[in-house]
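**Q** with the input below, show me the fold.
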Amino acid sequence: MIGLLQRVTQASVSINDELIGKIDRGLLVLLAVHRDDEKQSIIRMAERILSYRVFPDAEDRMNLSVSDISGELLLVPQFTLIADTKKGTRPSFTKSAPPDRSSDYFDILLRECKKSLKVVESGRFAANMKVSLVNDGPVTFWLET
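**A** From the prediction side, this is the model:
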């Protein structure tokens, strides 16, 4: 499982010009499921997203997590993160989990995160989405399980 975690001051996702998710200070996480991922990967990714220390403390050091600051979370499925780009000029998606399993795992991850944060929004699996964000820092990390 891959999560591209971005610290944001605001982020949103729309489908066909309809706003379906919006957050203020917190994290935007783009998520992809690998074909070899198992259910324990979901729990581990949720733990990492919720506890990864990317927000500044009183000394301006990245020592606080989204949970510590009562931040908000926007999860967006993005299978293209799994792409193999080592050869040629067209990505290969053979490492991606099948769509039905990816969708199930995304939904489970969403439920896990909602247990810990007050505001958790999401994109929609297999939809053509428009994602907007203001990356704070910029701070962006690639998380894998």
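
**Q** can you tell me how far the residue most central in space within the chain sits from Lys87?
**A** Nearest to the mean C-alpha position of the chain, by Cα atoms, centre = their mean, lies Val29 at 2.0 Å. As judged by Cβ to Cβ, to the nearest Å, Val29 and Lys87 stand 28 Å apart. Any C-beta I mention is one placed from the backbone N, CA and C, and that applies to glycine too.

**Q** one step back: may I have the secondary structure class of the residue nearest to the centre of the chain?
**A** Classification of Val29 by DSSP: H, G, I helix; E, B strand; the rest coil places it in strand.

**Q** please name every helix or strand in contact with the lengthiest helix in the chain.
**A** What stands out as the longest helix in the chain, according to DSSP state H, is helix 99-114. Counting contacts by 3 or more Cβ pairs under 8 Å, 6 or more residues apart in numbering; DSSP states H and E, helix 99-114 packs against strand 26-32, helix 39-51, strand 72-77, strand 120-122.

**Q** please redo it, this time with the cut-off set to 7 Å
**A** helix 39-51, strand 72-77, strand 120-122 (3 or more Cβ pairs under 7 Å, 6 or more residues apart in numbering; DSSP states H and E).

**Q** wouldn't Arg124 be in contact with Ile15 here?
**A** Yes: counting by Cβ atoms under 7 Å, Ile15 is a contact partner of Arg124 at 6.1 Å.

**Q** next up, the contacts around Gly3.
**A** Gly3 sits next to 29, 31, 45, 49, 143 when contact means Cβ atoms under 7 Å, 6 or more residues apart in numbering.

**Q** remind me which residues of this structure are low pLDDT?
**A** Applying pLDDT under 70 to the chain picks out no residues at all.

**Q** can you name the residues bridging to the nearest residue to Leu117 once chain neighbours are set aside?
**A** Excluding its sequence neighbours, the residue lying closest to Leu117 (Cβ to Cβ, 6 or more residues apart in numbering) is Leu73, at 5.4 Å. The bridge-partner assignment for Leu73, based on DSSP bridges, gives Leu27, Val120.
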